[in-house]
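Asker: Structure, please.
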Amino acid sequence: MRRRKIMHGSTRALIIGGTQGLGLAIARRLQGEGCTSLVVSGRDGAKGEAVAGSLGACFVACDLEDTSSVERLVDSAADRLGGLNALVVAGALTDRGSILDTDHTTWDRMMAANARSPFFAIQRMAKLAIAAGEPASIVNILSMVVHCGQSFLAPYAASKAALANITKNAANSLRTQRIRVNGINCGWMDTPGEDAVQRKFHGAGDSWLEQAEAKQPFGMLVKPEHVAGLASFMLSGAAGVMTGSIVDFDQNIAGAYPE
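Answerer: Below you'll find the predicted structure:
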């Protein structure tokens, strides 16, 4: 069997939201490509410790709604790994709400977790990398909803659109420091989190995934393992000078209309 080329032997990575779904898939991909210095974060301490143990990684608990908690997370990860040169922001709140029924509390929670905390995580990581005189790479997990999104995803779409702009702005600001910042707009994805959301908010039954996938052009929802490959590439030296790029990772094309 052909051996996979090691891309991440010198990577020291923090994955925010790395204990399940896409974040966990990225953690596994990095590990499989040589990364031995890895911190994953999430809210659930017991689950996080178990996941970290299976990866040979470190776990640090973090609440995305608390920006100071996120800043402490970045510092803690850097202390544990002897510095950071890779950051993935994969955690997010996905609560529902439309332009008509979203309340102030939901709006504030979504913006805090999905835009404000990522902003300051990037800021803190960039400052540490600059102080260390090292290049670094950052990948923000976005969503196809940045192009509009369903009516029931109004605050989520707004928060991800804000993060898309943060991605571009940070890439422009940090390029002279050799810090690359890119993003991935993920389409409808098959994750444990999505399963929970479908059951909680949409009354979905056990066969919802099978029914949903049958209607998709490729007969499946987006799979975390596929997106993890792109995230790994973006974080690696193989991406060269790529920065400020936001890639649509979906089978449905933004702006297309039924023919």
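
Asker: contacts and neighbour counts: CA atoms only from here.
Answerer: Will do.

Asker: Contacts only, for residue 157.
Answerer: 143, 145, 146, 148, 149 (C-alpha atoms under 8 Å, 6 or more residues apart in numbering).

Asker: so of those, which ones are in strands?
Answerer: Per DSSP state E, strands hold the following members of these: residue 143.

Asker: tell me the two of the contacts of residue 157 that are most distant?
Answerer: 143 and 148 (10.0 Å; C-alpha to C-alpha).

Asker: okay, the two: which has more neighbours?
Answerer: residue 143 (25 against 14; other C-alpha atoms under 10 Å).

Asker: which SSE is residue 126 in?
Answerer: Element membership for residue 126 (DSSP states H and E) is helix 117-132.

Asker: ok now that helix, how far from the chain's centre?
Answerer: Mean C-alpha position of helix 117-132 versus that of the full chain (C-alpha atoms, centre = their mean, to the nearest Å) differs by 16 Å.

Asker: Show me what that helix is packed up against.
Answerer: Packed against helix 117-132 by the contact rule (3 or more C-alpha pairs under 8 Å, 6 or more residues apart in numbering; DSSP states H and E) you find helix 67-81, strand 86-89, strand 136-143, helix 154-174.

Asker: Kindly state which of these is positioned closest to residue 31.
Answerer: Per C-alpha to C-alpha, nearest to residue 31 of the helices and strands packed on helix 117-132: strand 86-89, 13.0 Å.

Asker: Adjacent strands (with direction) for that closest one?
Answerer: Strand 86-89 has the following strand partners under DSSP bridges: strand 12-16 (parallel), strand 136-143 (parallel).

Asker: Out of the helices and strands packed on helix 117-132, the one nearest residue 119 is which?
Answerer: helix 154-174 (6.8 Å).

Asker: Report the buried residues of the closest one.
Answerer: 154-164, 166-168, 170-171, 174 (16 or more other C-alpha atoms under 10 Å).

Asker: Same check on stretch 243-250?
Answerer: Neighbour-count burial for stretch 243-250, counted by 16+ other C-alpha under 10 Å, picks out 243, 244, 245, 246, 248, 249, 250.

Asker: out of those, what pair is the most spread apart?
Answerer: Pairwise distances across those (C-alpha to C-alpha) peak at 20.3 Å, for the pair 243 and 250.

Asker: residues in contact with the nearest residue to residue 10 once chain neighbours are set aside?
Answerer: Nearest residue to residue 10, sequence neighbours excluded (C-alpha to C-alpha, 6 or more residues apart in numbering): residue 35, at 6.8 Å. Residues counted as contacts of residue 35 (C-alpha under 8 Å, 6+ apart) are 8, 9, 10, 11, 12.

Asker: I'd say residue 190 and residue 227 touch.
Answerer: No. Using C-alpha atoms under 8 Å, residue 190 is not in contact with residue 227, being 11.3 Å away.

Asker: the more surrounded of those two?
Answerer: Higher neighbour count among residue 190 and residue 227: residue 227, with 21 against 17, using other C-alpha under 10 Å.

Asker: Against residue 154, how distant is that one?
Answerer: Look at residue 227 and residue 154: by C-alpha to C-alpha, to the nearest Å, they are 24 Å apart.

Asker: next one: residue 241
Answerer: Taking C-alpha to C-alpha, one finds residue 241 at 34 Å from residue 154.

Asker: Quick check: next helix or strand after the lowest-mean-pLDDT helix or strand in the chain?
Answerer: Each helix and strand of the chain was given a mean pLDDT (mean pLDDT, DSSP states H and E); the minimum falls on helix 192-202 at a mean of 90. The helix or strand immediately downstream of helix 192-202 is helix 208-214, counting by DSSP H and E.
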